[in-house]
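with the sequence up front, the predicted model follows.
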Amino acid sequence: MSTRVIWPQIDPGKMVHRVTILAENEIVDASGMRTTYVPFLTTWAEIEPVSGKDVISGGQATTTLFVRVTMRWQPGIYSDQRVQTDTNDVFIIQAIENPGYRNILLILNCVQMGQQQGDGSTGGGGGAGTGDKCA
């Protein structure tokens, strides 16, 4: 009986989004300690919208967008980091998948939160959920 090994597939033609992984950086200034995010890695990736939902909180309508970012495997990617696109959309990494633990692909399950409806960004008119641009 043979065991068939399934390797994760890479389609570089789908990796059309230039993304920057942002690493958390804590700095101390006159007002105390604060967290900033600095560029860690820039690479090509595929960004796919997974789902979205509109939420009314505190009288404000906001959109939460869930996306899947697929990129070539890179060491040093963690769930406390963020993904920034070349259009300045920022996604919070929630979970990281390494299919088959083969170190070929990384799939970052991310969320973009807090987009107010009607402000011209995602969820308003013309963002990732409308099909005219992916991220």
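Looks like it came in fine.

drop to CA atoms for contacts and neighbour counts, all remaining ones
Noted.

residues touching stretch 73-93, excluding its own?
Outside of stretch 73-93, the residues that reach it under the criterion Cα atoms under 8 Å, 6 or more residues apart in numbering are 17-24, 37, 94-96, 98, 103-106, 108-113, 135.

so among these, which ones count as buried?
17, 19-24, 96, 104-106, 108-113, 135 (16 or more other Cα atoms under 10 Å).

what are the boundaries of the strands in this protein?
For the chain, the strands identified by DSSP state E occupy 17-29, 32-57, 60-72, 82-85, 90-97, 105-116, in order along the chain.

out of those strands, flag the one nearest I6.
The stretch from the strands of the chain with the least distance to I6 (Cα to Cα) is strand 105-116; that distance is 13.1 Å.

on that earlier part again, just send the strands of the chain back as CSV, with distance to T3 and mean pLDDT too.
Formatted as CSV, the entries for the strands of the chain read as follows, by distance: least, Cα to Cα, whole Å; pLDDT from 0 to 100:
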stretch, distance to T3, mean pLDDT
strand 17-29, 36, 94
strand 32-57, 30, 91
strand 60-72, 26, 91
strand 82-85, 37, 96
strand 90-97, 23, 96
strand 105-116, 22, 84
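
looking at these, spot the one closest to R4.
For the strands of the chain, the distance to R4 is smallest for strand 105-116, at 19.2 Å, taking Cα to Cα.

G13: neighbouring residues, count only.
If you count neighbours by other Cα atoms under 10 Å, G13 ends up with 8.

beta partners of V19?
According to DSSP bridges, the residues that bridge with V19 are T43, T85.

fine by me, thanks again.
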